[in-house]
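# Structure for the following, please:
(2 chains)
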Amino acid sequence: SQELEQSPQSLIVQEGKNLTINCTSSKTLYGLYWYKQKYGEGLIFLMMLQKGGEEKSHEKITAKLDEKKQQSSLHITASQPSHAGIYLCGADRASYDKVIFGPGTSLSVIP
Amino acid sequence: ETGVTQSPTHLIKTRGQQVTLRCSSQSGHNTVSWYQQALGQGPQFIFQYYREEENGRGNFPPRFSGLQFPNYSSELNVNALELDDSALYLCASSLDPGQTYEQYFGPGTRLTVT
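Prediction:
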């Protein structure tokens, strides 16, 4: 099993709907990153969470870190077609593995 | 746009061949990391170079090797290609090795091994 799991694996929502993507770690989280990836493009950094309970927002995307549950959630409010893509969570590791990534959640937004 | 470019965009090779992928980092970035992303998976760390020296390696065999040049360009070389090497290869540059979250990713090179 992977060190970082994401759910759901894929998501199809109607434009304007809210949605949540979860990332769960099998190890203690000291820092968690969220990235977005579109086909033909590299990963775009969205935000980083470092402390338990920390919550950050960027436009209509909010992410929260629950350190005790070793989990982070990414919430998109009033989704738009521009939100479509693959959302990846990543965790910092002290070893030379650098960033460990989850498998990603594929999001499609239907106009 | 991150300013990190990769070439070629797509590549098809035969099993057993060798391949070189290229990355041009953002100007001033001394650190470049390479990742392999299989279909439906998250990227996996291959190795990192800092000021032209290898600065850490993931769980990849020695047939994966790299070079970093003073002009902020770098290469990923893979020898004796295997079918499982088919993936998207991403490079990411940053100012320093410790600034993981400040990595700027290129668009990737999609390698297909037949």
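# CA only for contacts and neighbour counts going forward, please
Noted.
# and the gap between the spatially most central residue of chain B and B:Phe45?
In chain B, the residue lying closest to the centroid (CA atoms, centre = their mean) is B:Trp34, at 3.2 Å. B:Trp34 sits 6 Å away from B:Phe45, taking CA to CA, to the nearest Å as the criterion.
# on that earlier part again, mind listing residues that contact the helix or strand hosting the residue nearest to the centre of chain B?
Element membership of B:Trp34, judged by DSSP states H and E, is strand B:31-37. Here strand B:31-37 makes contact (CA atoms under 8 Å, 6 or more residues apart in numbering or on different chains) with B:25, B:43-51, B:68, B:74, B:76, B:87-97.
# can you pull the alpha-carbon coordinates of that strand into PDB?
Extracted C-alpha coordinates of strand B:31-37, given in PDB (Å, rounded to 0.1, in the frame of the first residue of the first chain):
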ATOM      1  CA  THR B  31      18.800  22.400  -7.700                       C
ATOM      2  CA  VAL B  32      17.100  20.100 -10.100                       C
ATOM      3  CA  SER B  33      15.000  17.000  -9.100                       C
ATOM      4  CA  TRP B  34      13.800  14.300 -11.500                       C
ATOM      5  CA  TYR B  35      10.600  12.400 -11.000                       C
ATOM      6  CA  GLN B  36       9.000   9.400 -12.800                       C
ATOM      7  CA  GLN B  37       5.200   9.400 -13.000                       C
END
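# and the residue nearest to B:Tyr35 when sequence neighbours are not counted, what does it touch?
Nearest residue to B:Tyr35 in three dimensions, chain neighbours excluded: B:Phe45, at 4.5 Å (CA to CA, 6 or more residues apart in numbering or on different chains). Counting by CA under 8 Å, 6+ apart, B:Phe45 touches A:97-100, B:33-36, B:57-59.
# ok so, going back, and the residue nearest to the centre of chain B, how far from chain A?
Taking CA to the nearest CA, to the nearest Å as the measure, B:Trp34 falls 11 Å from chain A.
# partners of that residue in the sheet?
B:Phe47, B:Cys91 (DSSP bridges).
# pLDDT score assigned to it?
As predicted, B:Trp34 sits at a pLDDT of 95.
# That one and A:Tyr30: what is the separation?
23 Å.
# Check B:Gly28 too.
Relative to A:Tyr30, and taking CA to CA, B:Gly28 is found at 28 Å.
# Of the two, which one has the most company?
When B:Gly28 and A:Tyr30 are compared for neighbours, A:Tyr30 comes out ahead with 16 against 11, by other CA atoms under 10 Å in any protein chain shown.
# what's the burial count for the residue nearest to that one when sequence neighbours are not counted?
Here the nearest residue to A:Tyr30 in space, its sequence neighbours aside, is A:Gln50; by CA to CA, 6+ apart that works out to 6.1 Å. For A:Gln50, the count of nearby residues is 16 (other CA under 10 Å).
# Repeat that for the one 5 residues further on.
Per other CA under 10 Å, the neighbour tally for A:Glu55 reads 18.
# same check, this time on the one 4 residues further on
For A:Glu59, the tally of surrounding residues (other CA under 10 Å) stands at 7.
# got the residues of chain A near chain B?
Residues of chain A found near chain B (CA under 8 Å from any CA of the partner chain) are A:33, A:40-45, A:48, A:88, A:92, A:96-104.
# From the residues you listed, keep the buried residues only.
Applying 16 or more other CA atoms under 10 Å in any protein chain shown to those, the neighbour count classes A:33, A:42-45, A:48, A:88, A:92, A:96-104 as buried.
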